[in-house]
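Visitor: need a structure here:
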Amino acid sequence: MKKHHLYLYLTLSIIMMIGAIVLFVFDQSPMYYSWPLKLFTLASFVAVISLVIGIQYLNKKSEPNEHALNTIEWFRFLSMSLMIILIVFMYFISSATVFQNSMNPTLENSDVVLIYHYTYTPKRGDIIIIDVHQENYPNHSGEPEYYVKRVYGCPGDTVTFQYVSQNAYKILINGEIVTNEYGEEYYAEVNTNMVQMVNPSYSEKDVIEEALDENHQIKEGRYLVFGDNQDNSVDSRDLGGIYKEDIVGKVIFRLSPFGGIS
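Guide: Here you go, the predicted structure:
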């Protein structure tokens with residue numbers, strides 16, 4: 001261990017602490033965890049203390065204790081590694097477990113996924129996590145829940161309906177019939193009966209149209225989302241247009257079972 005290395009590590013530690021404070025003040029993520037922040041504070045304290053002690057050891061005129069320096073080096077490496085991991089986890093990426101079947105077969109129940117959530121703007125085709133609560137979605141009953149869905153309609157997109165029968169319409173976005181990743185078409189029913197909803201009988205078509213302006217375009221700050229399992233999904237047909245502030249982040253990778261998503 002050399003003195004200039006310790007000074008470099010001390011500088012990096014201070015930069016990471018300042019960076020974490022800046023990210024905390026200007027946080028653009030809709031997610032917040034208190035325990036990573038506490039653990040980051042502890043790791044920062046251990047890093048700085050171990051580096052200061054290490055520099056004092058090296059400043060001694062006598063030969064420094066090699067065992068003590070190795071112990072300090074180990075604490076330095078562990079604490080700085082934790083600081084980097086926790087900054088990423090607190091402000092950029094987090095993990096979640098899927099407890100729904102609405103995205104089958106893309107995502108199965110109990111799959112573990114990674115979510116990117118810093119300054120995220122949804123795009124068509126993204127798989128996203130939504131914070132669903134009754135305040136913004138009157139048809140939703142019970143406690144707030146996190147849903148995983150795919151984005152199909154963005155602000156400014158034109159949404160129309162094609163008559164199929166007395167009880168159903170095909171959904172068109174920008175003139176194209178909405179289909180899932182497996183070629184199955186989505187329908188907006190006029191009368192439906194979803195037991196988990198507050199209103200047991202409502203028109204999915206009317207619910208979607210609430211998110212549209214007079215030109216049949218999706219309002220600013222609203223998104224249409226559907227589940228890949230289109231026959232078994234509570235989505236914009238039941239909840240209406242999703243508000244941007246309720247979109248937690250984008251699913252970017254599947255950890256378990258390990259592999260990418262489409």
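
Visitor: which SS class is the residue lying closest to residue 24 once chain neighbours are set aside?
Guide: Using CB to CB, 6 or more residues apart in numbering and skipping the chain neighbours, the partner closest in space to residue 24 is residue 37 (7.4 Å). Any C-beta I mention is one placed from the backbone N, CA and C, and that applies to glycine too. Here residue 37 is recorded as helix under DSSP: H, G, I helix; E, B strand; the rest coil.

Visitor: Kindly report the same for the one 3 residues further on.
Guide: Reducing the assignment to helix, strand or coil with three-state DSSP, the entry for residue 40 is helix.

Visitor: Not counting sequence-adjacent ones, nearest residue to residue 167?
Guide: Nearest to residue 167 is residue 190, by CB to CB, 6+ apart, at 4.9 Å.

Visitor: again, but for residue 72
Guide: residue 54 (4.4 Å).

Visitor: That neighbour: which element?
Guide: Per DSSP states H and E, residue 54 falls inside helix 34-59.

Visitor: coming back round to it: go ahead and confirm the residue nearest to residue 24 touches residue 23.
Guide: No: under the criterion of CB atoms under 8 Å, residue 37 makes no contact with residue 23, lying 10.5 Å away.

Visitor: Look up the residues that both of these two are in contact with.
Guide: Residues touching both residue 37 and residue 23 by CB atoms under 8 Å, 6 or more residues apart in numbering: residue 90.

Visitor: Tell me how many other residues crowd the closest residue to residue 233 other than its chain neighbours.
Guide: In space, residue 233 comes closest to residue 227 once its chain neighbours are excluded; the distance is 2.8 Å by CB to CB, 6+ apart. Residues lying near residue 227 (other CB atoms under 10 Å) number 26.
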